[in-house]
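Visitor: below are the sequence and a predicted model for it; my questions follow.
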Amino acid sequence: MYKKATIIGDGAMGSVCAMLLCDNGLDVTMWGYDPDYIDVLRQKRENVKFLPGCKLPDSLAFESDPEKALASTDMVLSAVPCQYMRSVWSRLRDHIPSTAPIASVTKGIEKGTLMRPSQILEDVLTTAHGYASLSGPTIADEIVRHLPATATAASADHQV
């Protein structure tokens, strides 16, 4: 169904999701706001800050330019910490293809508004997207070691 995915966020969970999507044959790009750290990821093929010791797939692309990262993507996965979601997505909103659904693996609520990550996305983005949330007792460094994990995907749109 999806061929090209863009991961927004270069932390541990974003890295694990990128690995899983690459393993499933998708063309995956990871976006991060810091060009210097994106260069580290690209060169070392390891998320030395957030997931040390785990090799990132050779097929995984890295990008700090939002326009390039989101160009012609089929789906977007948000792995941005909740307290930064509003600012990150405000910066990215004009670059997201209108047909690309957005799945969020972010946990928590926004300070001040008490909005869930999916509500923040709907509030910030002006174009209607299909939204999904993936949540559960999942810890990135356990998933990468293939330890048991359970996650639930939810969306008001069954297609997403």
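Guide: All right, it came through fine.

Visitor: residue 9 - nearest residue in space that isn't next to it in sequence?
Guide: residue 79 (3.5 Å; C-beta to C-beta, 6 or more residues apart in numbering). Every residue, glycine included, has its C-beta placed from N, CA and C.

Visitor: helix or strand right after the lowest-mean-pLDDT helix or strand in the chain?
Guide: When the helices and strands of the chain are scored by mean pLDDT, DSSP states H and E, helix 140-143 comes last with a mean of 86. Remark: after helix 140-143, the chain's next helix or strand is strand 152-154, criterion DSSP states H and E.

Visitor: in the sheet, which strands lie alongside that next one, parallel or antiparallel?
Guide: If you go by DSSP bridges, strand 152-154 pairs up with strand 131-135 (antiparallel).

Visitor: which phi and psi does residue 40 have?
Guide: Main-chain torsions, residue 40, degrees, to the nearest 10: phi -60, psi -50.

Visitor: excluding covalently adjacent residues, which one is nearest to it?
Guide: Nearest to residue 40 is residue 48, by C-beta to C-beta, 6+ apart, at 6.6 Å.

Visitor: please verify my assumption that the one you found contacts residue 54.
Guide: No: using C-beta atoms under 8 Å, residue 48 is not in contact with residue 54, being 9.8 Å away.

Visitor: give me the pLDDT for the residue lying farthest from the centre of the chain.
Guide: What lies farthest from the middle of the chain is residue 112; by C-alpha atoms, centre = their mean that is 23.4 Å. For residue 112, the pLDDT comes out at 95.
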